[in-house]
Every structure is written in structure tokens, then in C-alpha cells.
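Engineer: fold the following.
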Amino acid sequence: MNTSRILIALLFGSAIATAAQAQQTAVQRDVNQQERIQQGLQSGQLSTKEASQLEHEQAHVDKMESNALKNGNMSQQERNRINSAQNRVSQDISRDKHNGVVGNPNSASSQRMQADVQRNINQEQRIKQGLASGSLTNREAGRLENGQAHVDRREARAGADGHVGAREQRAIQSAENRQSGHIYHEKHDRAHKG
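Structural biologist: Sure thing, here's the model as predicted:
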């Protein structure tokens, strides 16, 4: 193999590794944002209504990630847009945690929202692990992020009035269970990163 072919192969391999790392970084940031929402609910710094709005914003980020990975590759421009959106969510989490509005972390509604956000953390960590191990392709991760966006939107709608009822939580849990099954299936199918 001549030197130029070796160089092209190295550059191509480096580009693939960079794209995979970028997606893992985006998913890790999703995990971090969800953990911050969870901590705010647990401490009472976030009300159920505030957490609901933040879940709505997180759904938007997940949808952006999904769209960026439809073709299996995330461009630098898409990465920049997603990073900007994640920065906005991060700022909104900080603002809401320090705005003087408090929630009751022991209320049934907050407990339900906390359980749902914890499930988001777990699902995002499973997606990140799948990307890191190669058991998920970027396209599969994109489809799974679309599923995460769906769950986040359900949580946002449920808590929009400041209360998550038992019936609303059952509907969210049903969506979370379907998403969990999708994650399992995608991680255990024949498609793997090469």
C-alpha cells in the first residue's frame, strides 16, 4: 500500500472515531443534564413544573441528535447546533435551580417526576454504553434518541400544570418500557460499528 493510501485510511479512520466520540459526548451531556434536573428535584430547587419545562427543552435536544444521525454521521455544523442547544438547556437548569422557586421533593408529584427523570438517566447511559462498546451504530443511536425525545415530551406534558398524576406516570412508564425494549433490541441485533 502506498503512503497516500495509508494516509487516507488513517484520516478516514480518525474521522469515524471523531464522529463516534462526538455522539458519545452528546449523549454524556444528555446524562449530565438529566442528572442536574434530578438533583434539582431531589433538593427542592426545582419544582415539578420547572422540571417539566426542562424536559421539554431536553426533548428538543434529543430530537436534534436524532435528526443529525439519520444518515449515520453528525457533521461539525450539526454538532455545533446541538452543543448550542445543550448550552441553553444548561443555562436554563442553572437559572431555574437558583430562581427562588422551590418544589416539595417529598410530594407524590415530585416523586413521580424524580422516578421518570432517573429512568431517563438510565436509558441515556445505556445508549452511551452501546455507542462506546460498538453494539450501537450512530443510526441506531439516532433512532433511540428520537425515542428519548418522545419520552421527554410525555414527561413535559404530564408536569406542565405542576403536577404529575398517577395515571400520567403510568403512561410515561409505558413509553419508558417501550424505549427500554428498543434499546435492548438495538444493542443486541446484528448491526455493530465496524
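Engineer: okay, CA-based contacts and neighbour counts for the rest of this
Structural biologist: Fine.
Engineer: on the pLDDT front, check the most centrally placed residue in the chain for me.
Structural biologist: Residue closest to the average C-alpha location in the chain (C-alpha atoms, centre = their mean): residue 30, at 4.1 Å. We have a pLDDT of 90 for residue 30.
Engineer: might you report the residue contacts of the nearest residue to it once chain neighbours are set aside?
Structural biologist: Excluding its sequence neighbours, the residue lying closest to residue 30 (C-alpha to C-alpha, 6 or more residues apart in numbering) is residue 124, at 6.9 Å. Contacts for residue 124 (C-alpha atoms under 8 Å, 6 or more residues apart in numbering) come out as 27-28, 30-31, 148.
Engineer: what's the first helix or strand after the host helix or strand of residue 114?
Structural biologist: Taking DSSP states H and E as the definition, one finds residue 114 inside helix 108-133. Next along the chain after helix 108-133, taking DSSP H and E as the criterion, comes helix 138-159.
Engineer: for that following helix, name the packing helices and strands.
Structural biologist: When contacts are defined as 3 or more C-alpha pairs under 8 Å, 6 or more residues apart in numbering; DSSP states H and E, helix 138-159 sits against helix 48-68, helix 108-133, helix 166-188.
Engineer: restricting to C-alpha, output that helix in CSV.
Structural biologist: Once non-C-alpha atoms are left out, helix 138-159 reads as follows in CSV (Å, rounded to 0.1, in the frame of the first residue of the first chain):
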residue,chain,number,x,y,z
ASN,A,138,-24.8,6.0,15.0
ARG,A,139,-28.1,5.5,13.1
GLU,A,140,-29.4,3.2,15.9
ALA,A,141,-28.4,5.8,18.5
GLY,A,142,-30.2,8.4,16.4
ARG,A,143,-33.4,6.3,16.4
LEU,A,144,-33.0,5.8,20.2
GLU,A,145,-32.6,9.5,20.8
ASN,A,146,-35.8,10.0,18.9
GLY,A,147,-37.4,7.6,21.4
GLN,A,148,-35.9,9.5,24.3
ALA,A,149,-37.4,12.7,22.8
HIS,A,150,-40.8,11.1,22.8
VAL,A,151,-40.5,10.1,26.5
ASP,A,152,-39.2,13.6,27.4
ARG,A,153,-42.2,15.2,25.7
ARG,A,154,-44.6,12.9,27.6
GLU,A,155,-42.9,14.0,30.9
ALA,A,156,-43.1,17.6,29.8
ARG,A,157,-46.8,17.4,29.1
ALA,A,158,-47.6,15.5,32.3
GLY,A,159,-45.9,18.1,34.5
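Engineer: what's the pLDDT at residue 25?
Structural biologist: In this model, residue 25 carries a pLDDT of 79.
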